[in-house]
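> what's the 3D shape of this:
(2 chains)
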Amino acid sequence: AQSVTQPDIHITVSEGASLELRCNYSYGATPYLFWYVQSPGQGLQLLLKYFSGDTLVQGIKGFEAEFKRSQSSFNLRKPSVHWSDAAEYFCAVGARAAGNKLTFGGGTRVLVKP
Amino acid sequence: EPEVTQTPSHQVTQMGQEVILRCVPISNHLYFYWYRQILGQKVEFLVSFYNNEISEKSEIFDDQFSVERPDGSNFTLKIRSTKLEDSAMYFCASRLGESSYNEQFFGPGTRLTVL
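Predicted coordinates for the structure are as follows:
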């Protein structure tokens, strides 16, 4: 069965500082991996995705993530955080089957200090 | 830009009542999903739907739940007899289909409150 762990429930970062959110997954084969962001009262917006190929993927809003198969990780990074990045971030693994259901991690809430 | 829409944004109901949550997926998408997020918990898969039938469902999706695509645009989730523990945010998602490279696009959610 597939699963996702986000070890950090909350992270507080100063505006302009770098951000890294951790994600570890469990899946029997090469996974499809996603990062979604949820602002308060909003739905889930896709930041980036990994399916195959280059293990460093670029997303929207200046985010990037690196797939490391040996560590079963897909950590999300941003070099310089903006106040508007305050939100909850979810890592998800997608099944490589026709249904392609997503399994989400518990989320990491990011607070940005001025 | 096309988007997934959901109505209502907030639904309050009494325990034991039936509710129908509505979604309009992106028009050329073929796969449809419902997920839920109980307050403070992770987003959980409920069901996927393709070609007018359920393709996969979770153990949460018991006989109290059903899904339907009554016309060419709507995708509904019905809960026949709501329980207190059904209170959650329900997200609809759609995917273009065929290629698993297509990501799921999520709607803004319906917050269901069961009293």
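> wait, does stretch A:19-39 contact chain B?
Yes. Judged by Cβ under 8 Å from any Cβ of the partner chain, stretch A:19-39 and chain B are in contact via A:Tyr32, A:Phe34, A:Tyr36. All C-beta atoms are positioned from the backbone trio N, CA, C, and that covers glycine.
> how many other residues sit next to the last one?
Other residues within reach of A:Tyr36, judged by other Cβ atoms under 10 Å in any protein chain shown, total 25.
> about what we covered before: want to try JSON lines for the residues of stretch A:19-39 next to chain B, with secondary structure, pLDDT and distance to A:Ala92 as columns?
Putting the residues of stretch A:19-39 next to chain B into JSON lines (DSSP: H, G, I helix; E, B strand; the rest coil; pLDDT from 0 to 100; distance: Cβ to Cβ, whole Å) gives the following:
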{"residue": "A:Tyr32", "secondary structure": "strand", "pLDDT": "89", "distance to A:Ala92": "9"}
{"residue": "A:Phe34", "secondary structure": "strand", "pLDDT": "94", "distance to A:Ala92": "4"}
{"residue": "A:Tyr36", "secondary structure": "strand", "pLDDT": "96", "distance to A:Ala92": "6"}
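> need the contact list for A:Pro31.
A:Gln2, A:Tyr25, A:Val93, A:Gly94, A:Arg96 (Cβ atoms under 8 Å, 6 or more residues apart in numbering or on different chains).
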